[in-house]
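Novice: sequence and predicted structure below; questions after.
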Amino acid sequence: MSRRRASPASGVAVARAALVAVGVASIIAVTTGGCGVDGAAADVAGGDGADAAADAAVPLVDVAVAPASLVLGVASPFSDVEGAPIVPCGPGGVVVEGTSLEIRTVACDPADVGTVLPTAIPAGTIVDLTASHAALVADGGEAHLALFVGDELAWEHRVPLPAPATFLAPRITLARAHAAGEPVVFHVHNHGSNVYALHGLRLHAPAR
């Protein structure tokens, strides 16, 4: 099935409102100032420490978002263009399996699960996402996966159906900076009754 790409601004206010009450206790966030390696070298050589100051101005971020911390009840910007749910999300549609979050579209389609950024991140931040799906069974159509950070469409993946089981591990570079508290939303829209899983989501500071 074909879809129009949503306007990045649409639906974001709804996502933010829905995520205000989401706790970030299950998100591990480690942030520090600059490493000072360049500055230390300059100081040893008699420099004035300008490199160290520049490093310190760029936040180094290492944020692991636990898949189990993502919850239903958010909306991605795709919600406005995909119409009414094929299967309204009910019990058993989104299940924690070990350290992964499993989405079963027989009981939830489409699914938007999300949390919030626990810290500000700069433009150029790298996102490592790991996900998988079982063998996808349907007579035509497609599966559609996407990741939003704030109102930025960071990644999307479309799969013509039927399709074999697949493990996905994209490395994504964010185009823009994002503030703490902005939503992080994983979107699954599917044709047929299939199983998807989010295994990991980690954000790294940009390399210097």
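Specialist: Perfect, I can see it now.

Novice: lowest average confidence across helices and strands of this structure, where is it?
Specialist: Every helix and strand of the chain was ranked by mean pLDDT, DSSP states H and E. The lowest is helix 37-44, at a mean of 30.

Novice: so who does Val87 touch?
Specialist: The neighbours of Val87, taking Cβ atoms under 8 Å, 6 or more residues apart in numbering as the test, are 93, 105-109. In short, each C-beta sits where N, CA and C put it, glycine included.

Novice: tell me the pLDDT of it.
Specialist: Model confidence at Val87, given as pLDDT, is 93.

Novice: hmm, who's touching stretch 157-165?
Specialist: Residues external to stretch 157-165 that are found in contact with it (Cβ under 8 Å, 6+ apart): 132-146, 166, 168, 170, 191-192.

Novice: try it again with 7 Å
Specialist: 133-138, 140-145, 168, 191-192 (Cβ atoms under 7 Å, 6 or more residues apart in numbering).

Novice: just the closest of the residues you listed to Leu117, please.
Specialist: Here the nearest of the contacts of stretch 157-165 to Leu117, counting by Cβ to Cβ, is Leu145; it sits at 19.9 Å.

Novice: find the centremost residue of the protein, please.
Specialist: The residue lying closest to the centre of the chain (Cα atoms, centre = their mean) is Leu147, at 4.4 Å.

Novice: my guess is Val127 contacts Ala169, does it?
Specialist: No: Val127 lies out of contact with Ala169 (Cβ atoms under 7 Å); the separation is 11.3 Å.

Novice: for the strand or helix carrying Gly114, enumerate the helices and strands it packs against.
Specialist: Under the criterion of DSSP states H and E, Gly114 resides in strand 111-116. Secondary-structure packing of strand 111-116 (3 or more Cβ pairs under 7 Å, 6 or more residues apart in numbering; DSSP states H and E): helix 12-19, strand 183-189.

Novice: by mean pLDDT, show me the worst of those.
Specialist: With a mean of 42, helix 12-19 has the lowest mean pLDDT of the helices and strands packed on strand 111-116.

Novice: can you give me the buried ones in stretch 88-106?
Specialist: Under the neighbour-count criterion of 16 or more other Cβ atoms under 10 Å, stretch 88-106 has 89, 93-94, 100-105 buried.

Novice: that stretch: end-to-end distance?
Specialist: Criterion Cα to Cα, to the nearest Å; first-to-last residue distance in stretch 88-106 is 10 Å.

Novice: alright, I will stop here.
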